[in-house]
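K.L.:
sharing a model that was predicted from the sequence below.
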Amino acid sequence: MKKFIAIMMGVMVLFLAACGSNTETSEANSDENEDQETTSQEQEPEVDMDALIEQLSMDATVETTEDDATFKFSLENTGDEPVILGFTSSQKYEIQVANAEGESVYTFSADKMFTQELTTEELASGDVFSAQEMWTGIEQPGEYEATMTFLVNTINDQPVEATPFQVTQPFTIEEAQAEEAPEDSSEVRQYEGDGEAFRNLEVTGENGSYVVTGEARVNEGTFMYSVEDGHNVLVEPTVFQVEAGAPEWASFELEINIAEEDLPEFRTLTLMMFQKSSEDGQPADMNAIPLEQL
């Protein structure tokens, strides 16, 4: 009987020892798991996405003419640390334009192809990621709204919710102004001439540039001309040769050019045409032809 009791007590001692060992092992495993979780939390600090988004400043403008609009927009890293912007394809931005009725009239990507692979843009502190596109051939003037969006999917490998980098900018396409028809410098002013030495005279031109055509019947096929404004001689007496001399009538084309700075104000430019007398060489058959009233 004593021997049986001794055996039972031995079994109980072994059982208690095994239970103690299991408890210590369980506690050790629990402590190890807690240490691993703590280490993991230390290695992967929580990312402040709001702060990352706020350090990226977006700017956008629209420049217009009568038939096109240029969209300029950018992202600037105003923070101290660099950021890496991730995109789901080679398309990194989108532009959409709506008219005053809210109808979509232009989409940047509508006629373009993009590769379906992940792309990135790295911006150091102070760097700017810029985009510029033009919408041309705008036929309808009026009020429009352009929505410019950077299609950022991740920042520093962290997912971005919604579309934080988007700006809507109103703009106006003005109606084309009708151009005023320039004064017709080719207007012909006709003069009969004296009928003895000159006839069928015509003057075209303005602002110091003139063409005088007509017919001349002059001795030895030459005549003299000058230009004056009533007070000053702007073109000194000059010899002009025509194709034939008197008694034949010869057609001529005379070009006169006066520098703009030499033109007078509020006066009439007059072309003086004459020939020299065959008897005494004095001016004869004088013709005064108005060129322009300034």
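P.N.:
Perfect, I can see it now. Numbers count the residues shown, from 1 in each chain.

K.L.:
what lies in contact with the helix or strand containing Q169?
P.N.:
Per DSSP states H and E, Q169 falls inside strand 166-173. With Cβ atoms under 8 Å, 6 or more residues apart in numbering as the test, strand 166-173 has contacts from 58-62, 64, 66-67, 69, 73, 138, 140-150. Placement of C-beta: from N, CA and C, glycine included.

K.L.:
what strands line up against it, and which way round?
P.N.:
strand 142-150 (antiparallel) (DSSP bridges).

K.L.:
what's downstream of the worst-scoring helix or strand of the chain on mean pLDDT, the next helix or strand?
P.N.:
When the helices and strands of the chain are scored by mean pLDDT, DSSP states H and E, helix 2-43 comes last with a mean of 54. The element immediately downstream of helix 2-43 (helix or strand, assigned by DSSP H and E) is helix 49-54.

K.L.:
elements contacting that following helix?
P.N.:
Other elements packing on helix 49-54 under the criterion 3 or more Cβ pairs under 8 Å, 6 or more residues apart in numbering; DSSP states H and E are strand 154-155.

K.L.:
quick one: average pLDDT of the strand it packs on?
P.N.:
Per-residue pLDDT over strand 154-155 has a mean of 96.

K.L.:
repeat for stretch 279-293
P.N.:
Computed over stretch 279-293, the average pLDDT equals 88.

K.L.:
CA atoms only: put it into PDB for me.
P.N.:
Extracted as PDB, the C-alpha positions of stretch 279-293 are listed here (Å, rounded to 0.1, in the frame of the first residue of the first chain):
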ATOM      1  CA  GLU A 279      13.200 129.000-126.600                       C
ATOM      2  CA  ASP A 280      14.700 130.200-123.300                       C
ATOM      3  CA  GLY A 281      14.800 127.200-121.000                       C
ATOM      4  CA  GLN A 282      12.400 128.600-118.500                       C
ATOM      5  CA  PRO A 283       9.600 126.600-116.900                       C
ATOM      6  CA  ALA A 284       6.600 126.100-119.200                       C
ATOM      7  CA  ASP A 285       3.300 124.200-119.100                       C
ATOM      8  CA  MET A 286       3.200 124.200-115.300                       C
ATOM      9  CA  ASN A 287       0.800 121.600-113.800                       C
ATOM     10  CA  ALA A 288      -0.100 121.500-110.100                       C
ATOM     11  CA  ILE A 289      -1.400 118.100-109.100                       C
ATOM     12  CA  PRO A 290      -2.700 117.500-105.500                       C
ATOM     13  CA  LEU A 291      -1.200 114.300-104.100                       C
ATOM     14  CA  GLU A 292      -2.800 114.300-100.600                       C
ATOM     15  CA  GLN A 293      -4.400 116.500 -98.000                       C
END
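
K.L.:
use 25 as the first number from now on
P.N.:
Sure, I'll start counting at 25 from here, so that last one is stretch 303-317.

K.L.:
neighbouring contacts of it?
P.N.:
Outside stretch 303-317, the residues that touch it by Cβ under 8 Å, 6+ apart are 213, 215, 217-218, 220-222, 225, 227, 229-231, 234, 236, 242, 248, 251, 280, 292-301.

K.L.:
now swap in stretch 133-146 and tell me
P.N.:
106-116, 118, 153.

K.L.:
of the residues you listed, closest to H255?
P.N.:
Distance to H255 across the contacts of stretch 133-146 (Cβ to Cβ) is lowest for F153, with 67.8 Å.

K.L.:
partners of that closest one in the sheet?
P.N.:
In this entry, F153 is beta-bridged to L99, by DSSP bridges.
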